[in-house]
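any chance you could fold what I've pasted below:
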Amino acid sequence: MDPITSKLTDKLLDKAIDEMIGVVTIIVSSKSLAKELKDKLLSLKPTIDEIIKVHNPDSDALVRPYKIFQADLQQGLDVAEVLEKLHTCDIFRKCRYGKKVQKFQNKVSEFIKIHGPPDVILNLKKIDANLRPERLIAIVKPLMTNDPNSNAIMLGQIDAAPGFQNPNLVFQNPSDHGMQKVVDQSVSCTNQVQEINEFVVGLKNPVNAVKKFLLQDVVNIVGVTGMGGSGKTTLAFALCNDPQVKDFFKNNVIFITVSKPPNVTSLLDILETMWDKVIGGQRPKFQNKEDAQIQLQNKLTQSAGRRYRRTLMVLDDVWSASHLEALLFKAEGYKTLVTTRESSPVLNRNDARLYNMPMLEVNDALPLFCFWAFGQPSIPATEEEDLVKQVAAECKGLPLALKVIGSCLRNELRPSWKSAKNKLSRAESISQYYKDNVLDRLQMSIDILDDELRQCFLDLGAFPEGKKFSVDFLLDIWVYVRGMEWEDAFMILLELAKRNLLNLTSDPRSRAIDYSCASEFCFSQHDLMRDLALRLASQDSIIQRKRLFMPCKAANIEWLEWLRPFTNQSSGAQFLSIHTGAMAEQDWCQINFPEVEALALFFAASNYCLPTFLHSMPKLKVVLIYNYGSKRAILHRLPSFPSFNQIKSVLLERLIVSTLYDYCQSWESLEKLYVCLCEGLGNMSQWGTEQVLKLPKIVEINVDHCSDLKELPGKICSLTSLQRLSVTNCHLIRKLPDDLRMLDSLKVLRLSACPSLSMLPPSICRLQQLEFLDISLCASLKELPMEFHQLSKLRILDMRECSGLKKLPKSLAKLRSLRCVVCDEDYEIQWQSIQTSGMPNLKIDPVKESFNLDWLDD
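Residues are numbered from 1 along each chain as shown. Sure, this is the predicted structure:
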């Protein structure tokens, strides 16, 4: 037999064996398959029946899929019952009905993937249209996850609730409920690659084409090019999760987002991360970028010589050829997948292959558009088919445009659709890299917003794309600068997420949001959406702009050029965002900003001097100082921060804040202080008795991931106005102040993930206003104070993963106000015993142990 025929015979034989194994598996496990399907369908049936029963009569199109699924459920039950009753020797019918059962299982999974979990949908359909914003937020929060796609879907489902037409709430223009989206957000420096569980279209051919390149021995680099929003990152995620790719690289796949525009410092940070992920062990101290490249290449070569280990390095969103060349290495078994907007000469090497990401064809683009516009991958019979196709066609096959525009037209009336079609048609055709034309189309999604939503969207232009930010700063701008109530500001945030104008993530297990504490929420944005916000915010002359945002990180000379128009006159900006590298005092110039109320300073450096023009901001209320470099930055001139009586909110991230006491003394109107990923707090407990914290109006302090904090100062107990205190992810903190009882306004106390905290002071039981206590992940905590039952107003107790707590005191049954306990499954029985002893209104929420490193992502 010739070699070709032999190879073909082997493949056919392998395929036949695989099919035979599949058939035998179905026959052997037929009983368990039938029982599994039957149990699943019986659990779903009551929920589906009730969804149909409570649906709004005016939304028959929305409930139609559930009616169809209701009929499918009964058919699936019939098939499962037949399979259960078949005789053991009836193997042919067992095989036939076993395959039918598998088909029904896939149908159920697909339905849930498209329409969401039925129990969640039922709860949303029961939402009262007249709920106050704070109550609606309390309902929505437990449904939030760390997946922005499912969050957008869930938020949209609220608009399908019967009679939900409350003009006092933000949800007036329904958008994207009931569906999942193509993932287009990026993940920073991680080898925990995000899975794609959502509805996707048009990926089969691109995945196969790029995979073919990756698996070739002669190929070391594969580049994927395409315009922003075309699905490059989605394709990269799909490849990372492809079984054949994972098997080929033995799951050794590393995903790093490069984004724009990395400088020498940030490139060095990425190289350090590459060392940590690929080489591991003790990382040497690199002198500079070139030193890091040389040592990393040498180590890769040595490692490949000793042991052959395949590695796939994914570099997502690379913006220039020089950046790419700095991050490419060559070693046996080491391959690089690059996504970039434009090609590079290095991708023309003999060992490189290039794939150009195409726009979606009509047969893929239209289902994706309908997916977001109608909650199903086809045009409903009640819609005007030609008009829908015309609007979808104007998106020119760009996934991001299909998603955003489809979301914003959901449940809109025919005039809005016609207006959208006309606006889209006036833009020129989308060329491969002509971003302005994409923005023209995306702008339609902003044009239909009311003025308040539009203004809030424009504020997003202040934040660099490709990074995650706490929502606290954004909400504080809307509260203190835009004059909103906190609950209304949070509703605006949810509305923007629902429309896919930002990506919103959350820890679904936290309950702090019920008390206006949103620290577990983060947001990010696609770079095209940020570009759109920048463009719309820059339509006035630079002198007259209310928002003055530096588009990207600037060198010192570029910074001076950017400020040139203000050398002879003051700026009228209300919100100022500056993005630089390291800055010394002489690098700043004196500019007058008399109207600035919100200031955001972004940088990546180990030394940073605050601007000299801070004294020209008499109206400043909200300040963010954010270092996104890998090392903490020493901040200069903060003790001489001007004595502004009107400063309300300060957020500090990745700084060395050893003189925090000095910083605070001039902020007598400060209401909120956030300190995240900072160092230098180890001396806080040494504050002397003569030092008094002059923060008479403070209502919230949030200290998170401060690695050297060992003890809170006793003087913090003098802050009688404090309502919310969060000390989280501080691994060295061992004790709390003894006089906590003096915090007689405290409603929220969060101590999550403080593993060295071994006890709670007895005075904690004297906090008569405390309603929320979070001691989750405090593994060293051995017991609760004996007088814990004196917390008469405590409503929520979160004690997840408190492995050191062995026994709960029986006196907990006296906590008559307690309504919810979040605990591990191991403690559920103890709480059930307490519940039966006189706490019938207590909800016990057992959770499984969970572990993730999402907080490491920028």
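
quick one: the nearest residue to Ser445 once chain neighbours are set aside and Glu325, what's the gap?
The shortest distance from Ser445 to any non-neighbouring residue, by CB to CB, 6 or more residues apart in numbering, is to Cys408 (4.1 Å). (Glycine included, C-beta is placed from N, CA and C.) In this view, Cys408 and Glu325 are 40 Å apart by CB to CB, to the nearest Å.

neighbour count: these two, which is higher?
Ranked by neighbour count (other CB atoms under 10 Å), Cys408 and Glu325 place Cys408 first, with 27 against 13.

distance of the more buried one from Ala401?
Taken as CB to CB, the span from Cys408 to Ala401 is 11 Å.

over to Gln832?
According to CB to CB, Gln832 and Ala401 sit 52 Å apart.

what do you get for Asn348?
Asn348 sits 30 Å away from Ala401, taking CB to CB as the criterion.

so Ile656 makes contact with Val675?
No - checked against CB atoms under 8 Å, the pair Ile656 and Val675 is beyond contact range at 11.3 Å.

between those two, which one's more packed in?
Shown here are Ile656 and Val675; by other CB under 10 Å, Val675 has more neighbours (23 against 18).

so that one bridges to which residues?
Leu652, Val703 (DSSP bridges).

what's near enough to touch it?
Residues in contact with Val675, defined by CB atoms under 8 Å, 6 or more residues apart in numbering, are 652, 657, 660, 681, 702-704, 706.

may I have the phi/psi pair for the residue lying closest to Pro611 once chain neighbours are set aside?
For Pro611, ignoring the flanking residues on the chain, the nearest one in space by CB to CB, 6+ apart is Trp588 at 4.9 Å. Phi and psi for Trp588, reported as degrees, to the nearest 10, are phi -90, psi 160.

and what of Ser524?
Note on Ser524: its backbone torsions stand at phi -150, psi 170 [degrees, to the nearest 10].

quick check: beta-bridge partners of it?
Beta-bridge partners recorded for Ser524 (DSSP bridges): Asn503.

now stretch 771-778, how far from the chain's geometric center?
On the basis of CA atoms, centre = their mean, to the nearest Å, stretch 771-778 sits 23 Å off its chain's mean C-alpha point.

and the closest residue to Leu442 other than its chain neighbours, what element?
In this structure, Leu442 finds its nearest non-sequential neighbour in Leu532, 5.3 Å apart by CB to CB, 6+ apart. Using DSSP states H and E, Leu532 sits in helix 527-537.

helix or strand right after that helix?
Next along from helix 527-537, by DSSP H and E: strand 547-549.

contacts for that next one next, please.
458-459, 461-462, 534, 537-538, 542, 571, 573-577.

and these, which are buried?
458-459, 461-462, 534, 537-538, 571, 573-577 (16 or more other CB atoms under 10 Å).

which of the residues you listed lies closest to Glu485?
Using CB to CB, Asp459 comes nearest to Glu485 of the buried ones among the contacts of strand 547-549, at 16.9 Å.

for the helix or strand where that closest one lies, list the C-alpha coordinates in CSV.
Using DSSP H and E, the element containing Asp459 is helix 451-459. The C-alpha coordinates for helix 451-459 follow below in CSV (Å, rounded to 0.1, in the frame of the first residue of the first chain):
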residue,chain,number,x,y,z
ASP,A,451,-28.7,65.1,27.4
GLU,A,452,-27.9,63.8,30.9
LEU,A,453,-26.8,60.4,29.5
ARG,A,454,-24.8,62.0,26.8
GLN,A,455,-22.9,64.2,29.2
CYS,A,456,-22.0,61.3,31.3
PHE,A,457,-20.8,59.3,28.3
LEU,A,458,-18.5,62.2,27.3
ASP,A,459,-16.9,62.0,30.8
